[in-house]
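*Asks:* turn this into a structure:
(one chain, ligands or ions: 2)
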Amino acid sequence: MNEIDPMRPFGGDGSSNGAHSGSGNPDQVGSTVAVHDAPPVAAGKVRLRFLGSGDNFGSGGRFQACILVDTGTTRFLMDCGASSLIAMKRAGISSAAIDAILISHLHGDHFGGIPFFILDAQLISRRETPLVIAGPPGLRQRAHEAMDVFYPGASGVERKFRIDYVELAEGETASVGDLIVHPVRVIHGSGDPPYALRVECAGKIIAYSGDTEWTDALRNVAAGADLFICESYFFEKQMKNHINYRTLMAHRAELECKRLIITHLGEEILNRLGEVELEVAEDGMEVIL
Ligand SMILES: [Zn+2]
Ligand SMILES: [Zn+2]
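*Replies:* Numbers count the residues shown, from 1 in each chain. Ligands and ions are numbered 1, 2, ... in the order given. Next comes the predicted model:
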């Protein structure tokens with residue numbers, strides 16, 4: 001593992017536009033997009049915000065998968081769905097303020113926001129610090145293909161910031177800046193290996209299922225986690241590749257996490273939230289760990 005300066009774990013000089021201090025950019029004055037500082041995270045705490053808690057089809061008007069985590073030294077996204085740049089702007093988060101993006105699997109509602117994020121970082125927030133994007137094998141190629149389909153030639157353009165793609169090997173712990181990321185193989189056809197992610201940051205463990213049908217691997221993903229974020233696309237409808245609430249409840253006792261929040265909510269479960277006995281994510285919801 002490389003030695004890491006805890007104050008600058010991602011190697012930036014901290015002086016680029018808006019990185020961790022969006023309001024300082026004079027270009028933003030009078031802008032219709034408010035980019036503002038979030039209050040600092042209390043020492044020893046990690047702040048997490050659901051920027052997107054919806055499914056791939058925007059059910060309930062929710063944004064696609066995107067979770068912002070701020071450890072005080074590092075800000076990262078878990079997943080960056082096609083709508084995530086919009087969700088970030090709604091929350092006042094600049095693309096220059098994100099050190100790393102961790103991707104669970106290569107479906108559009110989880111990584112489709114990368115082209116927009118990168119173009120915004122290049123042209124709008126004028127990022128200068130390196131960006132790390134970590135995810136399954138195939139990530140770099142799929143991200144480049146997505147960029148070039150949407151904006152031909154975009155993947156090869158010279159930028160003022162470097163992008164380091166980290167392709168995570170199944171079951172192998174990797175350090176991403178000052179984050180320790182453990183990818184666990186789950187069951188979800190997406191062209192390349194789908195992962196649940198366990199992230200150690202600032203002394204906390206955040207576990208995230210990504211998309212998957214029930215697999216016993218989720219027990220290990222959740223074990224000892226301060227927070228386990230689990231998809232629950234449906235209430236009781238059975239569908240390959242996804243978990244429903246009834247199945248999750250049947251396995252609830254096997255999940256030894258301190259807190260469990262469900263996300264990736266489709267129309268059917270959104271219509272039955274009154275019957276749900278678990279904590280449910282909402283866009284904009286903040287959690288302090
Ligand atoms: Zn998926
Ligand atoms: Zn999904």
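*Asks:* wait, Val276 sits on Tyr245?
*Replies:* Yes: applying CB atoms under 8 Å, one finds Val276 in contact with Tyr245, separated by 6.1 Å. Placement of C-beta: from N, CA and C, glycine included.
*Asks:* for His110, what is the enclosing helix or strand?
*Replies:* Under the criterion of DSSP states H and E, His110 resides in helix 108-111.
*Asks:* now that helix: how far from the chain's centre is it?
*Replies:* Here helix 108-111 is found 10 Å from its chain centre; the criterion is CA atoms, centre = their mean, to the nearest Å.
*Asks:* contacts for it?
*Replies:* For helix 108-111, contacts defined as CB atoms under 8 Å, 6 or more residues apart in numbering pick out 55-56, 64-65, 79-82, 103-105, 135, 139, 142-143, 146, 210-211.
*Asks:* pull out the buried positions in the next helix or strand after it.
*Replies:* Next helix or strand after helix 108-111 toward the C-terminus (DSSP H and E): helix 114-123. Neighbour counts over helix 114-123 (16 or more other CB atoms under 10 Å) mark 114-122 as buried.
*Asks:* in a helix, that's where Leu248 is, yeah?
*Replies:* Yes: with DSSP: H, G, I helix; E, B strand; the rest coil as the criterion, Leu248 is located in a helix.
*Asks:* let me know how buried it is, in neighbour terms.
*Replies:* Applying other CB atoms under 10 Å, we find 20 residues neighbouring Leu248.
*Asks:* circling back to that earlier point, next, show the common contact partners of Val276 and Tyr245.
*Replies:* With CB under 8 Å, 6+ apart, Val276 and Tyr245 have common neighbours 235, 262, 269.
*Asks:* compute the number of surrounding residues for the nearest residue to Arg162 once chain neighbours are set aside.
*Replies:* Spatial nearest neighbour of Arg162, chain neighbours left out: Pro130 (4.3 Å); criterion: CB to CB, 6 or more residues apart in numbering. Using other CB under 10 Å, Pro130 has 15 other residues around it.
*Asks:* for Glu167, which non-adjacent residue is closest in space?
*Replies:* Nearest to Glu167 is Pro137, by CB to CB, 6+ apart, at 4.7 Å.
*Asks:* I'd assumed Pro193 was in contact with the one you found.
*Replies:* Yes: using CB under 8 Å, Pro137 is in contact with Pro193, at 6.1 Å.
*Asks:* compare the two (neighbour count), which wins?
*Replies:* Pro193 (19 against 16).
*Asks:* which ones are touching the closest residue to the more buried one other than its chain neighbours?
*Replies:* For Pro193, ignoring the flanking residues on the chain, the nearest one in space by CB to CB, 6+ apart is Pro136 at 4.7 Å. The neighbours of Pro136, taking CB under 8 Å, 6+ apart as the test, are 103-106, 167-168, 183, 192-195.
*Asks:* quick one: Pro136 from Gly177, how far?
*Replies:* 19 Å (CB to CB, to the nearest Å).
*Asks:* outside of the helix or strand hosting Ile262, which residues touch it?
*Replies:* Under the criterion of DSSP H and E, Ile262 resides in strand 260-263. Residues outside strand 260-263 that contact it (CB under 8 Å, 6+ apart) are 50, 53, 65, 67, 222, 227-232, 245, 248, 252, 276, 278-281, 287.
*Asks:* pLDDT below threshold where in this protein?
*Replies:* 1-9, 11-38 (pLDDT under 70).
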